[in-house]
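[1] Curious how this folds, go ahead:
(one chain, ligands or ions: 1)
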Amino acid sequence: MLVSATEMLKKAKAGHYAVGQFNINNLEWTKSILLTAQELNSPVILGVSEGAGKYMGGYHAVVGMVNGLLQDLNITVPVALHLDHGSFEGCYKCIEAGFSSIMFDGSHYSIEENVAKTTELVKAAHDKGLSIEAEVGSIGGEEDGVVGMGECADPDECKAIADLGVDFLAAGIGNIHGKYPENWKGLSFETLDAVQRKTGELPLVLHGGTGIPADMIKKAITLGVAKINVNTECQLAFAAATRKYVEEGKDLQGKGFDPRKLLAPGAEAIKATVKEKMELFGSVGQA
Ligand SMILES: [Zn+2]
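    The predicted structure follows:
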């Protein structure tokens, strides 16, 4: 059964580790992530962007697939199904469809409008037992057409949004989505520290986990980050493994064209990536 992400992230913050949010795109992605979480006895958050939700057929299809896999694969570790960078309308759709967690990305609104919309969604989510993440300070890079510049959040604005009752908060600290450019200046630990001082026990979220050096990840966890989003890294691993299979001509040998064979190396590559991240984040054995 899906659970909200509130308890697992409170536990993570108190225990000084982070839970990975791994974004899903299809059955192979979902199965690989769930099996790895179960094998490593780790809590996990499945992230779904609005674009990926649409790609998979819609939010009801996603909920049906995930719930079916939890049952058929006997997954017993805590699993949350979370809308990633949701719009105001998208949040309501996911609450209705059976997600267990939502993120409202109101970072492109004025702080006043972000506050008004977040307040309404906190109530709607909590009434149904879902957890809710909010974002302050746009996170750089491009994700589903949402482009940000990698700014650092204002700690006072973080405090204002935290006080609305959100369960965890994404604050921009120089992190960006996708691959990091050569001239990236690194995470702003000064900002992270200031945000944590203002928001206290609230678990913080680090978006754009792909390509942040391991020592920076570990330092971020010591400063209150309890949820780390990983998306691009699984995509790169899947693509590389699939490319290798095809370049080696394996799809032309025997029944190598069977999708169950063709997609298997990619699925294994996702498992390896998820395992590596769970070990780095410290969530192994914490279910
Ligand atoms: Zn993000």
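
[2] alpha carbons only for contacts and neighbour counts from here, please
    Noted.

[3] Okay, and the nearest residue to Asp156 once chain neighbours are set aside sits in which element?
    Once flanking residues are discounted, Asp156 sits nearest to Lys198: 7.2 Å by CA to CA, 6 or more residues apart in numbering. According to DSSP states H and E, Lys198 maps onto helix 189-199.

[4] hang on, the earlier thing: kindly tell me how buried the residue nearest to Asp156 is, as a neighbour count.
    When neighbours are counted by other CA atoms under 10 Å, Lys198 registers 16.

[5] same question, Lys93
    Residues near Lys93, counting by other CA under 10 Å, number 17.

[6] can you map out the helices along the protein?
    6-15, 27-40, 50-55, 59-72, 88-97, 111-127, 155-162, 189-199, 214-222, 232-247, 259-262, 264-281 (DSSP state H).

[7] Please point out which parts of the third one sit buried.
    Taking 16 or more other CA atoms under 10 Å as the neighbour-count basis, helix 50-55 is seen to contain the buried residues Glu50, Ala52, Gly53.

[8] Please apply the same query to the fourth one.
    By neighbour count, with 16+ other CA under 10 Å as the criterion, the buried positions of helix 59-72 are Tyr59, His60, Val62, Val63, Met65, Val66, Asn67, Leu69, Leu70.

[9] now it: mean pLDDT?
    Averaged across helix 59-72, pLDDT comes to 98.

[10] So which elements touch that helix?
    For helix 59-72, the packing partners by 3 or more CA pairs under 8 Å, 6 or more residues apart in numbering; DSSP states H and E come out as helix 27-40, helix 88-97.

[11] next one: the longest one
    Helices and strands touching helix 264-281, as assessed by 3+ CA pairs under 8 Å, 6+ apart, comprise strand 19-23, helix 27-40, helix 214-222, helix 232-247.

[12] Of the ones you listed, flag the one that's most buried.
    Burial of the helices and strands packed on helix 264-281 is given as mean neighbour count (mean count of other CA atoms under 10 Å); strand 19-23 ranks first at a mean of 27.

[13] so what's the spatially closest residue to Lys275 that is not a sequence neighbour up against?
    Nearest non-adjacent residue to Lys275, counting by CA to CA, 6+ apart: Thr36, 6.5 Å away. Shown in contact with Thr36 (CA atoms under 8 Å, 6 or more residues apart in numbering): Lys271, Val274, Lys275.

[14] any idea how far Lys13 is from the nearest residue to the first one once chain neighbours are set aside?
    In space, not counting the residues next to it along the chain, Lys271 is nearest to Ser32; the distance is 5.3 Å by CA to CA, 6+ apart. Here the distance between Ser32 and Lys13 works out to 26 Å (CA to CA, to the nearest Å).

[15] now Ala162
    16 Å.

[16] Okay, now the unreliable bits of this protein?
    Applying pLDDT under 70 to the chain flags the ranges 142-150.

[17] hmm, back to that, so which of the helices and strands packed on helix 59-72 is nearest Tyr109?
    Each of these was scored for nearness to Tyr109 using CA to CA, and the closest is helix 88-97 (11.1 Å).

[18] Would you mind writing the CA trace of that closest one as PDB?
    Only the C-alpha atoms of helix 88-97 are listed here, as PDB (Å, rounded to 0.1, in the frame of the first residue of the first chain):
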ATOM      1  CA  PHE A  88      -2.100  23.800  -9.200                       C
ATOM      2  CA  GLU A  89      -4.600  21.800 -11.400                       C
ATOM      3  CA  GLY A  90      -2.200  18.800 -11.700                       C
ATOM      4  CA  CYS A  91      -2.100  18.600  -7.900                       C
ATOM      5  CA  TYR A  92      -5.900  18.300  -7.700                       C
ATOM      6  CA  LYS A  93      -5.900  15.600 -10.400                       C
ATOM      7  CA  CYS A  94      -3.300  13.500  -8.500                       C
ATOM      8  CA  ILE A  95      -5.100  13.800  -5.200                       C
ATOM      9  CA  GLU A  96      -8.200  12.500  -6.900                       C
ATOM     10  CA  ALA A  97      -6.400   9.700  -8.800                       C
END
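
[19] Next, the buried residues of that helix.
    Phe88, Gly90, Cys91, Lys93, Cys94, Ile95, Ala97.

[20] do stretch 183-201 as well
    For stretch 183-201, by 16+ other CA under 10 Å, it's Leu187, Ser188, Thr191, Leu192, Asp193, Ala194, Val195, Gln196, Lys198, Thr199.
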